[in-house]
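**Q** Just to be clear, the model below is a prediction. Sequence and coordinates:
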Amino acid sequence: MKFRGKIIDVACLNHFSRVITTISKLTKTCVMRLTPDNLFFVLSGKVTNGGVSMWCELHQANFFDEFQMEGVSSEFNEICLEVTPENLSRALKTVQNAKSVKVKLTKKHCPCLTVAAELPSLSSNSRVVTHDVPVEVVPRSLWHEFKEPSMPDFDVSIYLPPLKTMKNVVDRMKNLSNFLVMEANLSGEMNLKIETDLVSVTTHFKDLGNPSWGKTSGPIRLPVPQINPNVVEVTRMTPHVSTGDAASQDGGASQSRDPEAMAEVRVDIRKLQQFLVGQQVNPSKAMCNIVHQSVVHLILLHDDVSLQYFIPAVA
């Protein structure tokens, strides 16, 4: 197995660093999957057991000026490494002003991603700073656990409000409850609610827009149509109101579904906050698919990055 990449453009280096920092806020460890065309960062949590999962895809040509790799074999031309994103993020942050940065898979006291940066110097001699980030090679027998997730059979798909606004709301709600209810409908409305024995607080977002998805049973194909959402936010105290069950459909929200009917999921508010706190991708589109009382599927899209994050429901 061999891997070597080189980044020269400062903007590409900073963008790559922001993506890694975002991932480091979402998970302590994940699998970095290398293919000839893409890099993937995968967290394969068991949603059925309450764990979150993540899939982040980067097109290597948009980041690397040079990219060479040889996988485990000609048939399976991939490399899977278990990494600690925070360690990689720290290494990249120290070399953001570098003239060039090389990332290479090396074998030292253990397998490492070696980050070597050529830094500017006042003299004719270049300064090179090297960071060795330990990794573990994932055996071929476990690769099946790190495949791209399929589109969930969601009830409602909706564009998210501005993530900064959403983060501020969730930060305030976290002080009142450990759990949050996300609900949305096909009329572009989303509510964030907390409900306790003492109080019920709801934040309403309107006119967000609903993406159009074709039927699919495989991995998500991007991009999706662009809609410019307008947000109206109102926070108020309301009595508890229960919602009825929503019907599920094949490949996404059914055209026969009542546009006003809400699909809802009750989630651990800390997991949603963790997702919002770490965002540095600055997505051009941010979407949410809700499987009623089952899972929240969050999607962030940038020109050259896509990030999917799954938060399971709690009882």
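**A** All right, it came through fine.
**Q** CA-only coordinates of the host helix or strand of residue 264 in PDB, if you can.
**A** Remark: residue 264 resides in strand 263-268, with elements defined by DSSP states H and E. Output in PDB follows, covering the C-alpha atoms of strand 263-268 (Å, rounded to 0.1, in the frame of the first residue of the first chain):
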ATOM      1  CA  ALA A 263     -42.800  14.000  11.000                       C
ATOM      2  CA  GLU A 264     -40.900  14.100  14.300                       C
ATOM      3  CA  VAL A 265     -37.900  12.600  16.000                       C
ATOM      4  CA  ARG A 266     -36.800  13.000  19.600                       C
ATOM      5  CA  VAL A 267     -33.000  13.100  19.800                       C
ATOM      6  CA  ASP A 268     -30.200  13.600  22.400                       C
END
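**Q** List the pairing partners of that strand within its sheet, with orientation.
**A** Its sheet considered, strand 263-268 pairs with strand 179-184 (antiparallel) by DSSP bridges.
**Q** so for the partner strand, what's the average pLDDT?
**A** Strand 179-184 comes out with an average pLDDT of 96.
**Q** Name the next helix or strand downstream of it, please.
**A** With elements assigned by DSSP H and E, the helix or strand that comes after strand 179-184 is strand 190-195.
**Q** wait, is residue 76 part of a strand?
**A** No. Checked against DSSP: H, G, I helix; E, B strand; the rest coil, residue 76 lies outside a strand; its state is coil.
**Q** Next, the contact list for it, please.
**A** Shown here is residue 76, whose contacts under the criterion C-beta atoms under 8 Å, 6 or more residues apart in numbering are 140, 143. Bear in mind the C-beta positions are built from the backbone N, C-alpha and C, glycine included.
**Q** And residue 35, by the same measure?
**A** Taking C-beta under 8 Å, 6+ apart as the criterion, residue 35 is in contact with 69, 71, 77-78.
**Q** so how far is residue 115 from the closest residue to residue 180 other than its chain neighbours?
**A** Taking C-beta to C-beta, 6 or more residues apart in numbering, and ignoring the residues beside it in sequence, residue 180 has residue 269 as its nearest neighbour in space, at 4.3 Å. As for residue 269, its distance to residue 115 is 35 Å (criterion: C-beta to C-beta, to the nearest Å).
**Q** Check residue 133 too.
**A** Counting by C-beta to C-beta, the separation of residue 133 from residue 115 is 7 Å.
**Q** what do you get for residue 290?
**A** Between residue 290 and residue 115 the computed distance is 39 Å (C-beta to C-beta).
**Q** Find the nearest non-adjacent residue to residue 311, please.
**A** residue 296 (4.5 Å).
**Q** Doesn't the one you found belong to a helix?
**A** No. Residue 296: not assigned to a helix; according to three-state DSSP it is strand.
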